[in-house]
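# Here you go, sequence then predicted model.
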Amino acid sequence: MATDALLFYAFAGVTVIGALLVVSQKNPVYSVLSLIGAFFGLAGLYVGLEAPFVAVVQIIIYAGAIMVLFLFVVMLLNVPREDAAEWDRSHPLYRPMAVRIGAAMAVLLALELGWALSRATDIGGAVNAEPNERISSVAELGEVLFTRYMFAFEVTSILIIAAMVGAVVLARKRQE
Amino acid sequence: MISGQLDAVIPMLCVTLAGLVVLLAEAFRGRDERMPIGGLAIIGLLGAGAATMLLWDSGAEDSFGVVSADKFGLFVNLILVVVGLLTVIFSSQTIERDKLPAGEYYAVMLFAIVGMMLMGQATDLLVIFLALETMSIAVYILTGMRRDQQQSTEAAFKYFLLGAFASSFFLYGIAFLYGVTGTTNIDAMSTKIAAQAMSANPMILLGVGLLIVGFAFKIAAVPFHMWSPDAYEGAPTVVTGFMSTGVKAAAVAAFVRVFLKGLDPLILDWAPVLWWIAAATMIVGTVVGVAQTSVKRMLAYSSIAHGGYILAGLIAGNEAGKAAILFYLAAYALTNMGAFGVIALLGTRERANDDLRDYAGLWHSHPGLATLMTFFLLSLGGFPPTAGFVAKWYVFSAVIGATETGSIDTAAATGGYTLAIIGLLSSVVSVFFYLRIVVMMYMTDRDARPVPPPVPAIAMAGLIISLIGVLYLGVLPTRLIDFAQASISTIF
């Protein structure tokens, strides 16, 4: 048990530090690299949860494929280093505003936690009498995906087609 | 119908099919060929409406495991079909004027409606989340569709960022609830929570709190309303109408189902939190609305305040409260679509014409539009004999009824009476800004500004249909109230 807890905190630490580095780095390439670190931490957490398939997918798809795309985009667009002076007040991502929104969200989460803890009388009590069923192997995962979660799986396709149409509409060149 | 299993999703299938057909039609359209693409959308929506009616009459309660064709969901479906039809009718002028890509516009709008319908019908938190995302992503796109306007792009971007935050809160909440109860199914969750008396567990309260944040964002309740005035102002006006009615109806439907069914055993924990949110929403929406000079922005704040009134029904939590929410959504959808429809018709390519001054002397240039707008504004303010009056009366009588029967806490300041009084006072204050537009239209002389464009006949017909609905619900509300009561009796 002690090793479990130790590994959990180690991977959780990697994830949180990675995520913090993503937002604090000035150079976008470093941000992307930190994000890969955070994804590796997450993959470690998934292994701890006995979900090896999700862990592998996390690394192959997120840390691998998607982050490589990110890196290429960052490099091809030649995104400059963020510089405070360049943040124009009218920019929609005007920096102090982004920081303020982030701070507001953090306060919100803290308030939530405070509320939940203040109302709770049984901290550390049994959470779920019967443990959730474990779906860890690829075969089991495939089975529930195409039986119990079939509908959810199909709905995702509508979500994706809407997002694709939107990406094309918003990104294509103006015809005029 | 086809097979018992698929019945529940037929309305959604109709709309999805229409969306795909619209996309294909656009793809095969010649460069300058004109095609009645809006007509295809209307056919799909009418099909969905017809399917909903058939399911209603057949009394089929069958489900897909995660989707249920119960009367509650079907009622919301009908509201969404009406919202969709009105949006399509008002859109043609906007599309022509702002040179929006018609095929993509209608397709994305239809996909948004699919997401909304699914939110009303889903009985599983996972599917509700997917529905929420489908709806939200489609609406972000619609908001940013006017790419030549910086304001529109900025609005879409802000909406997208804050919406993404809200979705992550929502998902986090689902994760906690799943962790504690071991299920994402709303019914199973409710029995489990009741059986194991888990209200003392901090994890489940954390999950409930995160879900409240996620839903409150989507219905633009204070203090999670920051995105809405900007997004409403920046979006094309027709889309604003669609967002303020459709998104709100869908989010409220899911909110009611999750909280009054799945999390009902915890009502003593979450009702006080919602009390504060509802009170703040009514007050802030009204007070800040008074200070606005843009009519669109003013109606955005009015829409925030209306979210507060709907939440009051949710807090009441009794039979009357649930039925009142459904009635309110229907009345509000018709009224707000009408009001935003009028604003959309007044805009030109160069200017949105949504400043309060632009309404000066509208009565002289567009007597028809001015009359319609007057009725819609009176309904928003809650004057008899309009739908808005009955809706507000119904919600507040539900709150008072719940207080009298003791189902909500009567003690302390956060009682039902206080909430009803706050609601009534804020309605009275809101009348000020609705009537200000009316005074502008009738009693102020037109200055040198250009006269707004003439109104196409079909849009006028849409407005008149909304007006008939608003007056019908205001004068003879019993029929719809009966329907609303029948709807909630099937699921709670």
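Noted; the coordinates are in hand. Residues are numbered from 1 along each chain as shown, chains lettered A, B, ... in the order given.
# tell me the contacts of the residue of the stretch 1-150 of chain B found nearest chain A?
Closest to chain A within the stretch 1-150 of chain B is B:Ile141: 3.4 Å, counting by CB to the nearest CB. C-beta coordinates here come from the backbone N, C-alpha and C atoms, glycine included. Residues in contact with B:Ile141 (CB atoms under 8 Å, 6 or more residues apart in numbering or on different chains) are A:Ala162, A:Val165, A:Gly166, A:Val169, A:Leu170, B:Val108, B:Ala156.
# so how far is A:Ala55 from it?
Distance, B:Ile141 to A:Ala55, using CB to CB, to the nearest Å: 33 Å.
# same deal with B:Ile283?
As for B:Ile283, its distance to A:Ala55 is 48 Å (criterion: CB to CB).
# so B:Ser294 sits right up against B:Asp358, yeah?
No: using CB atoms under 8 Å, B:Ser294 makes no contact with B:Asp358, being 9.5 Å away.
# Please say which of the two ends up with more neighbours.
Regarding B:Ser294 and B:Asp358, a neighbour count based on other CB atoms under 10 Å in any protein chain shown identifies B:Asp358 as having more, with 22 against 17.
# Can you give me the pLDDT of that one?
pLDDT, B:Asp358: 80.
# Thought B:Leu346 was touching it, still the case?
Yes: with contact defined as CB under 8 Å, B:Asp358 reaches B:Leu346; the gap is 6.9 Å.
# what is in contact with those two at once?
What both B:Asp358 and B:Leu346 touch, as defined by CB under 8 Å, 6+ apart, is the set B:Pro452.
# mind listing the helices for the stretch 251-400 of chain B?
Using DSSP state H, counting those that start in this stretch, the helices of the stretch 251-400 of chain B run over B:267-290, B:295-316, B:319-346, B:362-365, B:367-381, B:387-404.
# Could you export the ones you listed to a markdown table, including columns for mean pLDDT?
As requested, those are exported to a markdown table (pLDDT from 0 to 100):
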| stretch | mean pLDDT |
| --- | --- |
| helix B:267-290 | 90 |
| helix B:295-316 | 92 |
| helix B:319-346 | 92 |
| helix B:362-365 | 83 |
| helix B:367-381 | 92 |
| helix B:387-404 | 89 |
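# Kindly reformat these as a markdown table and extend each row with distance to B:Gly120.
Listed next are those as a markdown table, based on distance: least, CB to CB, whole Å:
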| stretch | distance to B:Gly120 |
| --- | --- |
| helix B:267-290 | 20 |
| helix B:295-316 | 14 |
| helix B:319-346 | 10 |
| helix B:362-365 | 36 |
| helix B:367-381 | 23 |
| helix B:387-404 | 18 |
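# mind checking which of these is nearest chain A?
Relative to chain A, the nearest member of those by CB to the nearest CB is helix B:267-290, separated by 5.9 Å.
# Just want the angle from the closest one to helix B:295-316.
Relative orientation of helix B:267-290 versus helix B:295-316 (axes from the mean of the first three to the mean of the last three CA atoms, to 10 degrees): 160 degrees.
# Please identify the buried residues of helix B:267-290?
B:267, B:269-275, B:277-286, B:288-289 (16 or more other CB atoms under 10 Å in any protein chain shown).
# picking that back up, where does the residue of the stretch 1-150 of chain B closest to chain A land on pLDDT?
For B:Ile141, the model assigns a pLDDT of 94.
# name the element it belongs to?
B:Ile141 belongs to helix B:125-143 when assigned by DSSP states H and E.
# So is the helix or strand following that helix next to chain A?
Downstream of helix B:125-143, the first helix or strand assigned by DSSP H and E is helix B:150-181. Yes: on the criterion CB under 8 Å from any CB of the partner chain, helix B:150-181 is in touch with chain A at B:Thr153, B:Glu154, B:Ala156, B:Phe157, B:Lys158, B:Leu161, B:Leu162, B:Phe165, B:Tyr178, B:Gly179, B:Val180, B:Thr181.
# Please name the residues that touch the third one.
Going by CB under 8 Å, 6+ apart, B:Ala156 touches A:Leu170, B:Tyr140, B:Ile141, B:Thr143, B:Gly144, B:Ala231, B:Gly234, B:Ala235.
# Check the gap between the spatially closest residue to B:Met243 that is not a sequence neighbour and B:Ala155 for me.
Leaving aside its chain neighbours, B:Met243 sits nearest to B:Val139 (5.7 Å; criterion: CB to CB, 6 or more residues apart in numbering or on different chains). From B:Val139 across to B:Ala155, the span is 11 Å (CB to CB).
# Which helix in chain A has the most residues?
helix A:95-119 (DSSP state H).
# For it, buried residues please.
Buried residues in helix A:95-119 (16+ other CB under 10 Å): A:Ile101, A:Met105, A:Leu108, A:Leu109, A:Glu112, A:Trp115, A:Ala116, A:Arg119.
# Quick check, pLDDT for the first one.
Looking at A:Ile101, its pLDDT stands at 77.
# Check what contacts the lowest-mean-pLDDT helix or strand in chain A and list those residues.
Least confident element among the helices and strands of chain A, by mean pLDDT, DSSP states H and E: helix A:95-119 (a mean of 79). The contact list for helix A:95-119 (CB under 8 Å, 6+ apart) reads A:23, A:84, A:87, A:123, B:161-162, B:165, B:202-203, B:205-206, B:209-210, B:213, B:269, B:273.
# mind listing what the residue nearest to B:Leu369 when sequence neighbours are not counted touches?
Closest residue to B:Leu369 apart from its sequence neighbours, by CB to CB, 6+ apart: B:Val342 at 5.5 Å. Taking CB under 8 Å, 6+ apart, we find B:Val342 in contact with B:Leu369, B:Leu372, B:Met373, B:Phe376, B:Leu463.
# Switch the residues you listed over to CSV; also include neighbour count.
Below are the contacts of B:Val342 laid out as CSV (neighbours: other CB atoms under 10 Å in any protein chain shown):
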residue, neighbour count
B:Leu369, 23
B:Leu372, 23
B:Met373, 28
B:Phe376, 30
B:Leu463, 27
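# Right, I'll call it a day here.
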